[in-house]
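Participant: Next input, structure requested:
(chains A and B)
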Protein chains: 2
Amino acid sequence: MKPSIPKGTRDFGPQEMARRNYIFNTIRSVYELYGFQQIETPAMETLQTLMGKYGEEGDKLLFKVLNSGDFLSKCTDEELSDLRSQLSTKVAAKMCEKGLRYDLTVPFARYVVMHRDELQLPFKRYQVQPVWRADRPQKGRYREFYQFDGDVVGSDSLLNEVELMQIVDTVFTRFGVRVAIKINNRKILSGIAEVIGAADKIVDITVAIDKLDKIGIDAVNDELRKDGLTEEQIAKLQPIILLEGSNDEKLNTIAEVLKDSELGMKGVEETRYILRSVCCGSATTSTPVLHNELQFDLTLARGLNYYTGAIFEVKALDVQIGSITGGGRYDNLTGIFGMPGLSGVGISFGVDRIYDVLNQLDAYPKEAIQTTQLLFINFGEKEMAYCLPAVAKARAAGIRTEMYPDSTKMKKQMAYANAKQIPFVALAGENEMAECKLTLKNMMTGEQKLVTIDELIHEIA
Amino acid sequence: MKPSIPKGTRDFGPQEMARRNYIFNTIRSVYELYGFQQIETPAMETLQTLMGKYGEEGDKLLFKVLNSGDFLSKCTDEELSDLRSQLSTKVAAKMCEKGLRYDLTVPFARYVVMHRDELQLPFKRYQVQPVWRADRPQKGRYREFYQFDGDVVGSDSLLNEVELMQIVDTVFTRFGVRVAIKINNRKILSGIAEVIGAADKIVDITVAIDKLDKIGIDAVNDELRKDGLTEEQIAKLQPIILLEGSNDEKLNTIAEVLKDSELGMKGVEETRYILRSVCCGSATTSTPVLHNELQFDLTLARGLNYYTGAIFEVKALDVQIGSITGGGRYDNLTGIFGMPGLSGVGISFGVDRIYDVLNQLDAYPKEAIQTTQLLFINFGEKEMAYCLPAVAKARAAGIRTEMYPDSTKMKKQMAYANAKQIPFVALAGENEMAECKLTLKNMMTGEQKLVTIDELIHEIA
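Facilitator: Numbers count the residues shown, from 1 in each chain, chains lettered A, B, ... in the order given. Now for the predicted structure:
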């Protein structure tokens, strides 16, 4: 039997794990700097919790876990024949009561409702766990992947949006990855739809506007006509389609168009507040401004049906890849579980794509992904016995140290050091033992010196 | 709808996660100090990989994941009726091809075989991931729980056993938990069976001997008679049943009994080597000896069918609970996947039980489980604008800091600080703003002082 793994899943080896841990630890430490606390929820949720939350397509992409035990023995012939037509029947309910986590949002909503009495609101939580989707696997799309979400629920303050932008900026600055942070507001989009009288067309409109750079203004207007907009509506949209300038200039243009829409103007005000607070809340003092540019982008409309206020998205500037982080403000996270009126705002780091970006830029700090720092070569029982106290001393000094366990050929042991990219190798033969010293080899430079164990520790630690 | 989670599963809230992270990070850092590298494998493995690896009972405890798509539409009536009698039929194979990880050992074996060409042996890996078992849930037994395994494969050197004992000792020393580390050797048990001519009775014999303290020598001998041992065999066993003294004395007694068994004597030699190297490999130098006692325990027989050399088990001394860590040497990890002859040695930390032990002893270092260090009180827009640069400065200094996002009642904000056990609170009203200062309150002592932001950072960081 030749072993394999289910399609769309992955093994992560030592080098990949070191890199992924660097990514996870960086994001984790920034979340914690802002007071977010971690939670974990079970891999399996009841199907009652999961079904109907991701649309009809989503229901099909849920991995369902077969009930254990002898649950089909009491089915009638008819019930079993039912299985042939569809699984969402009485029999299906007998077969499966549990499914695998599809995202972190629904389990988080379920968590908040179940633990409402223990939670101190506002609740700032982060969560990093795998999710599973029975999607067709393809390049960069997996059936098991990690999400890394942060949300603040139970506070309407825009300070939360501001801090999430700062978190995003800090994370990518620590990664050394240049990004554009795009921001929009659902209320602005709704305001535009309201003002031109085409509330149902707002997605079509943002899609068409987004193509301006590629196809030009005439083609955009043609597309809007095809979408069913009238000439009057299209005329009203012109200043918005041709929107340009700084964030302030764009917002001023939009404010002019939206001046009669209360909702739209609220969106403009919110966006101005966030941009002002993030970028120059520090006008009079020494607050650091963002390292990355925050761009108001009217065409940003991700998850439009879900978000109710600010919408965020992050794009890498130096790597061709889709959005690597996104989020926004939502109302009524928990309404579906019987707890209405709880709003929140959150972001999700696309850690698999961030991994691809850091790989392409080779942006991993050496010390962050290095595992063993020092390998002792094994020349035999006597030499090993001489080295073991030094090994223990190096470890006690916090140096990640190995003694090669077998006294095999030197060449094999050096190959081991190279494969694990161990930067220092120590060895002791007759001469070293006679002098109570060790030879320390720097694997990068090839330099060798005769040292005491204390000098060795001083050199590496 | 009242939300719930599947039975036997758990949510981990912020406090639990902080504690669990402390446990995981401690074990992780010790593994890494010894050169172990992390891998991760998918939650789902093919049923081909999983089935038949955990015995008949284990097959029943596997969680099976329903295939996605319209896989039953082509079944005949007969095939569907088959479902009623059992799931391990043609139809069952159509229904499920994947199952959830049951332990970390089988996926590790599968991983080693699949990645044999990339791996540099000896391979020292650690792995910390959840596993799932469709067991009847009960107190302390869950359907989803974490395992934390470390193994060295591809080396027969006893240095690996020695280092695993040092890892166990270091981990529990860092936890501040007193433990007894018990060690035995399968070869000794096999030697005993060989010498008395009762190879098939070795488990019965260890079980009976284990009861000596409780029931006395006569009752033990009666039990051996019931197990079918002859008077001659029981007579030969007397020195072993009455085994006492130091580790050395016990091993000397056993060596006397086993002097004609080559295998048994090899077990004695291995155990002597491990005990000597772990405890006093440092006789002539300054290697630290273990902090916890290593006890040779002839009655230790866990996973007897799996282990072929050393067997380990760890018991907490100050908490009544079963084994909290265990492991041993095995041959032929990967034979079942077509790669024979690969031996290894490993340990598994029982992190759920360790969590229970640390909770009972309240052994968490405060700084390890503390989340936010500093909360700024929000008195309104003007005060918040005054505080935000200080918030940013505190974060830039690495202090985990929050600004309460809404300007609600002081009482509510202080309750938030208390609930999150935040040790410092900062506030600024008219007076503080006039002086360009902040009031810093120590929530433990109640002490308040007027400070600059730099003084505040100095105080907390």
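Participant: Residue A:332 touches residue A:338, doesn't it?
Facilitator: No: the criterion here is C-beta atoms under 8 Å, and residue A:332 misses it with residue A:338 at 11.5 Å. The C-beta positions use only the backbone N, C-alpha and C, and glycine is treated the same way.
Participant: The two: which is more packed in?
Facilitator: residue A:332 (15 against 10; other C-beta atoms under 10 Å in any protein chain shown).
Participant: Under a three-state scheme, what state does that one occupy?
Facilitator: coil (DSSP: H, G, I helix; E, B strand; the rest coil).
Participant: For it, which non-adjacent residue is spatially closest?
Facilitator: residue A:340 (6.1 Å; C-beta to C-beta, 6 or more residues apart in numbering or on different chains).
Participant: how near is that neighbour to residue B:413?
Facilitator: 25 Å (C-beta to C-beta, to the nearest Å).
Participant: try residue A:390
Facilitator: For residue A:390 relative to residue B:413 (C-beta to C-beta), the value is 54 Å.
Participant: Next up, the contacts around residue A:416.
Facilitator: A:375, A:404, A:422, B:120, B:122 (C-beta atoms under 8 Å, 6 or more residues apart in numbering or on different chains).
Participant: for the fourth one, helix, strand, or coil?
Facilitator: Which is residue B:120. coil.
Participant: That one: neighbour count?
Facilitator: Neighbour tally, residue B:120, other C-beta under 10 Å: 14.
Participant: ok, which residues in the stretch 301-450 of chain A are in contact with chain B?
Facilitator: Counting by C-beta under 8 Å from any C-beta of the partner chain, the stretch 301-450 of chain A comes close to chain B at A:337-338, A:371-372, A:375, A:384-385, A:388-389, A:392-393, A:395-396, A:398, A:400-403, A:405-406, A:415-416, A:419-420.
Participant: Now intersect the residues you listed with the helices, please.
Facilitator: A:384-385, A:388-389, A:392-393, A:395-396, A:415-416, A:419 (DSSP state H).
Participant: Could you say which of those is surrounded by the most neighbours?
Facilitator: residue A:384 (23 neighbours).
Participant: any idea how far residue A:418 is from it?
Facilitator: If you go by C-beta to C-beta, the gap between residue A:384 and residue A:418 works out to 21 Å.
Participant: Residue A:329: which element?
Facilitator: strand A:325-330 (DSSP states H and E).
Participant: from the chain's centre, how far out does the helix or strand following that strand sit?
Facilitator: Later in the chain than strand A:325-330, the nearest helix or strand by DSSP H and E is strand A:344-349. Centroid displacement of strand A:344-349 relative to its chain, using C-alpha atoms, centre = their mean, to the nearest Å, is 10 Å.
Participant: what about the stretch 301-450 of chain A, any weak spots by pLDDT?
Facilitator: Within the stretch 301-450 of chain A, the stretches with pLDDT under 70 are A:303-304.
Participant: The residue positioned nearest the centre of chain A and chain B, how far apart?
Facilitator: The centroid of chain A falls nearest to residue A:349 when counting by C-alpha atoms, centre = their mean (2.2 Å). For residue A:349, the distance to chain B equals 18 Å [C-beta to the nearest C-beta, to the nearest Å].
Participant: quick revisit: more neighbours, residue A:390 and residue B:413?
Facilitator: Legend: neighbour count by other C-beta under 10 Å for residue A:390 and residue B:413, higher for residue A:390 (25 against 20).
Participant: Quickly list what residue A:345 is bridged to.
Facilitator: residue A:152, residue A:329 (DSSP bridges).
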